[in-house]
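# Predicted coordinates and the sequence they were generated for:
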Amino acid sequence: MSRRSEHRGGSNGWPNGYRPLVAFAKGALAAFAWKRRKAARASEYPVRLQDAAAESSALPVFAQNRSEIVYAWRGPSLLVVDNQCRAGGEPRSGYFFREARYLRELRLEIQGESPFPCSLADVAANELEFTYVYPEKEGGGSDRGGERRGVIYGNLDLRLRYRVRPCGLLATLRITNHWQDRVEVDVAWALSADFADMGELHGERRQQAEVEIGAEANGVRFLYSHPELPMATHVFAEGGPVTNAWSYADGRLAARVPLDRQSTVELRLSVLAVDAQDPSAIQPRLLDRRRGLRRLRPRCGEAADQERHLQRRPVFDHRRG
């Protein structure tokens, strides 16, 4: 081998026996050259590449079959909402208890419309948390000022958490007013119930009965008037400076919430599922406490034992059907 070929690293006249990419034509030749260069680098730095592969394999893998919905459950209770925390648009969404849909529609509204979703998190198996901003200016540019329905763009931050319980759920909503000296916000929960069985969501209803709606103090009651299926849903709202100010009309449980600048208000919505054919010990006690507008929290003793019993009962598969 001559000195010239030894200096260049090979008999073909190119360093290390490989041509640069610019020497290849576009297409298959360029791809072939890239493979050869990658193989050469792997032989030169095997330890570094192995460490990188080990780090990448250690990363968690997240897979989701139905990315348009999220759900939380506890015992026989299941909440299914879309990725903006709305129940009613998706056919399988709603709040279910023992495979019956006790709430078909469950949706938060601010100033008569849905707030802009920012994030969602699976806090626990029975908890979901969502964050919103209101109002969101379409196309951006909120720093230029302006308002929507009396609220400055991006002024309100909202954090909504759903906690599913063995025979109900608790929604906690925190609203923060950032910039306006004082603003009054119309907060509403869109609610409805149909008590459909899981197998009836996409097919024909096997049981037909009227759903009676009765407004209560700071709440509403949905009663399924079927003689053999006495089911009911009780919904109560409380919290913040608007106690005893909630009213139900036109499918919405609503109140007007005042907010001072840099202040935060916490509102709560409690849902209780009642099955008169198989009542649990915890249901009547929680109902009495809700009527007294006290927080939804299981008592010790018999009710707590019943709650643990309900947690061990299997929940149905929402993907069935």
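Received the coordinates, thanks. Numbering: from 1, shown residues only.

# Val187 touches Leu267, doesn't it?
Yes: the pair Val187 and Leu267 qualifies as a contact (CB atoms under 8 Å) at a distance of 6.6 Å. For glycine as for every other residue, the C-beta is placed from the backbone atoms N, C-alpha and C.

# Mind listing the shared neighbours of the two?
Leu173, Ile175, Val257 (CB atoms under 8 Å, 6 or more residues apart in numbering).

# Show me what the first one is bridged to.
Here Leu173 sits in beta bridges with Leu160, Leu267, as judged by DSSP bridges.

# let's have the chain start at 38 instead
I'll keep to 38 as the first residue from here, and by that count the last item is Leu210.

# burial measure for it, as a count.
When neighbours are counted by other CB atoms under 10 Å, Leu210 registers 24.

# check contacts around it.
Going by CB under 8 Å, 6+ apart, the list of residues near Leu210 reads Leu145, Leu195, Arg196, Leu197, Val224, Glu303, Leu304, Arg305, Leu306.

# In PyMOL, how would I select the buried members of those?
Filtering the contacts of Leu210 down to the buried ones (16 or more other CB atoms under 10 Å) takes a single PyMOL command:
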select buried, resi 145+195+196+197+224+304+305+306
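
# of all the contacts of Leu210, which comes closest to Pro113?
Lowest distance from Pro113 to those (CB to CB) belongs to Leu306, with 20.2 Å.

# Settle this for me: Gly251 is touching Leu260, isn't it.
Yes: judged on CB under 8 Å, Gly251 makes contact with Leu260 at a distance of 6.9 Å.

# Which one's more surrounded, these two?
Leu260 (20 against 12).

# Show me what Ala158 is bridged to.
Beta-bridge pairing for Ala158 (DSSP bridges): Glu166.

# quick one: it from Arg258, how far?
Relative to Arg258, Ala158 is positioned 32 Å away (CB to CB, to the nearest Å).

# quick one: which of those two has more around it?
Taking neighbours as other CB under 10 Å, Ala158 and Arg258 compare with Arg258 leading, 18 against 12.

# and that one, that's in a strand?
Yes: assessed with DSSP: H, G, I helix; E, B strand; the rest coil, Arg258 lies in a strand.

# Name the nearest residue to it, ignoring sequence neighbours.
Gly251 (4.6 Å; CB to CB, 6 or more residues apart in numbering).

# contacting residues around Asp312?
Taking CB under 8 Å, 6+ apart, one finds Phe134, Arg135, Pro267, Met268, Gln320 in contact with Asp312.

# which one of the residues you listed sits closest to Gly149?
Ranked by distance to Gly149 (CB to CB), the contacts of Asp312 are led by Phe134 at 29.5 Å.

# Can you give me the pLDDT of that closest one?
You'll see Phe134 listed with a pLDDT of 92.

# Who does it form a beta bridge with?
For Phe134, the beta-bridge partners are Ser114, Ala137 (DSSP bridges).

# Bridged to Asp312, which residues?
Met268.

# Next one: it from Gln217, what distance?
Going from Asp312 to Gln217 by CB to CB gives 45 Å.

# One more: Asp297?
9 Å.

# Same question for Tyr190.
11 Å.

# Neighbour count for Asp297 and Gln217, which is higher?
Gln217 (16 against 13).

# Just to check, Val201 is in contact with Ser114?
Yes: Val201 is within contact range of Ser114, at 5.1 Å (criterion: CB under 8 Å).

# Going along the chain, name the strands of the stretch 88-237 of the chain.
In the stretch 88-237 of the chain, the segments counted as strands under DSSP state E, counting those that start in this stretch are 106-111, 114-119, 131-134, 137-140, 142-147, 153-161, 164-171, 184-185, 188-189, 193-202, 205-214, 219-229.

# Out of these, which gets nearest to Arg243?
strand 137-140 (12.1 Å).

# How about the nearest residue to Ile250 once chain neighbours are set aside: which residues does it bridge to?
Of all residues not flanking Ile250 in the chain, Phe259 sits nearest, at 5.9 Å (CB to CB, 6+ apart). Note on Phe259: beta-bridge partners Ile250, Thr270, judged by DSSP bridges.

# what's the distance between the residue nearest to Thr209 when sequence neighbours are not counted and Ala233?
Closest residue to Thr209 apart from its sequence neighbours, by CB to CB, 6+ apart: Arg198 at 4.8 Å. Distance, Arg198 to Ala233, using CB to CB: 27 Å.
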